[in-house]
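Asks: Predicted model and sequence follow; I will ask about them next.
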Amino acid sequence: MYSAATKSLDFTAKLKAKNRLYFAPMGFDLCDNQGKPLPSFFELYQSLILGGCGFGFMGNASVDSGSKYNGAGLKLTTQAHADALKPIFEFANKHNFLLGAQLQHYGPQGAPSDDNPTLLSPSGIASSATLKKFPYAQTVAMDEAQIYACVEQFKRSAILAKKAGAKLLQLQASNGYLISSFLSPRTNQRKDEWGGSALARVKFLLTIIREIKTAVGDEVALTIRLGVDDGFGEQGQQAHLLGEVAAAIEEAGASSIACSVGVSETFKQCFSHPQEILQLTRDASRHLKRYTRLPVGFTGSVDSLDTAEAIIDSGDADFVGFARAVLADNALIKKELSGKHDLVHRCQWDALCFRDKREPRAERVYCCVNPAYRRPAQLQQYYKEN
């Protein structure tokens, strides 16, 4: 019944996922103030690993100890961080699951600290959403020394991830964070070799890819979460600008591309129109497949195995990711593969889980339907009223 979605997916000659469905990287922020996982982190990812997907990613492992979204995010900057992650990779390997780590630098959408209010960006263009939350934030244009230092940070974190047991990595090049801000013509207005044309704007990403591949070799597959539309129309990023970029990403040594949309200022409109976003990412995936031989897929607003099967079977995408849908039910894929559709806890698509990330009243990222971490009634009511 689900022959397209359950077909294996090759990342390299040696690395293969058992099916074409994955849990997309999400910032659950279940770490201590040093960026090391808490018990709840392992509980959640173990549940996701057993939930029926063929592969998946731990989200938002910061490559810079000073780059954060809040005080509970994952970090991968020291050997101690790598050691802390070893048990979850061992668990994944035991269950024949291809688990990856997403490497992240929050850039202009990060949270500044009182002693260091500076946020890095390609052209010093601030995120209005960040300034609303942190009026004292100072967004600066990176000089070449800062650019190459950041490349080294990604390389170092990739090496640490490999030591921890990762066989799959993803670069977060979407959603308005640092790499994404280099790719968009709205936020990258540089006149030097790091900006201008689409191929110049992608130089930062390509440099990171090449440095990581040199460091980790073919033992680790490197995937790219690519921002294909930031919601700003012609002044921003759009899929039609990225054909040559997709080809360059393949040439640099990446193993796959996962399309994603939206940035902090436009997430609300994305959340409000899930079917439009689904079609947009599906169209973007189909467009990029014309320019590369890499597997191309996407994540965003997919809520059922039936939908994923239809997309993959059509050829629009080679793989499909689930995010909030598997936050609502970690075992969504497993249940639907066994015909237990009526037992799935369905996402309500209200996006309140994203508000938890910077809500002082929230002790973690919750869900309004998952009984394992359902949002407290008082907080749920507060969100609905505000």
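Replies: Received the coordinates, thanks. Residues are numbered from 1 along each chain as shown.

Asks: Tell me the helix or strand right after the lowest-mean-pLDDT helix or strand in the chain.
Replies: The weakest-scoring helix or strand in the chain, judged by mean pLDDT, DSSP states H and E, is helix 267-272 (a mean of 79). As assigned by DSSP states H and E, the chain's next helix or strand after helix 267-272 is helix 274-288.

Asks: The nearest residue to Gly107 once chain neighbours are set aside: how many residues sit nearby?
Replies: Sequence neighbours aside, Leu178 is the residue nearest to Gly107 in space, at 2.9 Å (criterion: Cβ to Cβ, 6 or more residues apart in numbering). Yep, even glycine has a C-beta here, placed from its N, CA and C like the rest. Using other Cβ atoms under 10 Å, the number of residues around Leu178 comes to 27.

Asks: from now on call the first residue 95
Replies: Happy to do that; since the first residue is 95 now, the last one works out to Leu272.

Asks: How is the protein partitioned into domains?
Replies: Using automatic domain parsing, the domain ranges for the chain come out as 103-443, 446-480.

Asks: Give me the buried positions along the shortest one.
Replies: To tie it back to what came earlier, the one meant is domain 446-480. Buried residues in domain 446-480, defined by neighbour count with 16 or more other Cβ atoms under 10 Å: 446-451, 453, 456, 458-462, 464, 467, 469, 473, 477.

Asks: Which parts of the protein are strands?
Replies: Secondary structure of the chain by DSSP state E: the strands cover 103-104, 110-111, 115-117, 149-156, 192-198, 212-215, 232-235, 262-267, 315-323, 350-355, 390-393, 413-416.

Asks: Now render those as JSON lines, adding distance to Gln247 and mean neighbour count.
Replies: Shown next, in JSON lines, are the strands of the chain (distance: least, Cβ to Cβ, whole Å; neighbours: other Cβ atoms under 10 Å):
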{"stretch": "strand 103-104", "distance to Gln247": "29", "mean neighbour count": "17"}
{"stretch": "strand 110-111", "distance to Gln247": "28", "mean neighbour count": "19"}
{"stretch": "strand 115-117", "distance to Gln247": "25", "mean neighbour count": "29"}
{"stretch": "strand 149-156", "distance to Gln247": "9", "mean neighbour count": "27"}
{"stretch": "strand 192-198", "distance to Gln247": "9", "mean neighbour count": "27"}
{"stretch": "strand 212-215", "distance to Gln247": "11", "mean neighbour count": "21"}
{"stretch": "strand 232-235", "distance to Gln247": "17", "mean neighbour count": "16"}
{"stretch": "strand 262-267", "distance to Gln247": "12", "mean neighbour count": "26"}
{"stretch": "strand 315-323", "distance to Gln247": "16", "mean neighbour count": "27"}
{"stretch": "strand 350-355", "distance to Gln247": "22", "mean neighbour count": "27"}
{"stretch": "strand 390-393", "distance to Gln247": "25", "mean neighbour count": "28"}
{"stretch": "strand 413-416", "distance to Gln247": "25", "mean neighbour count": "29"}
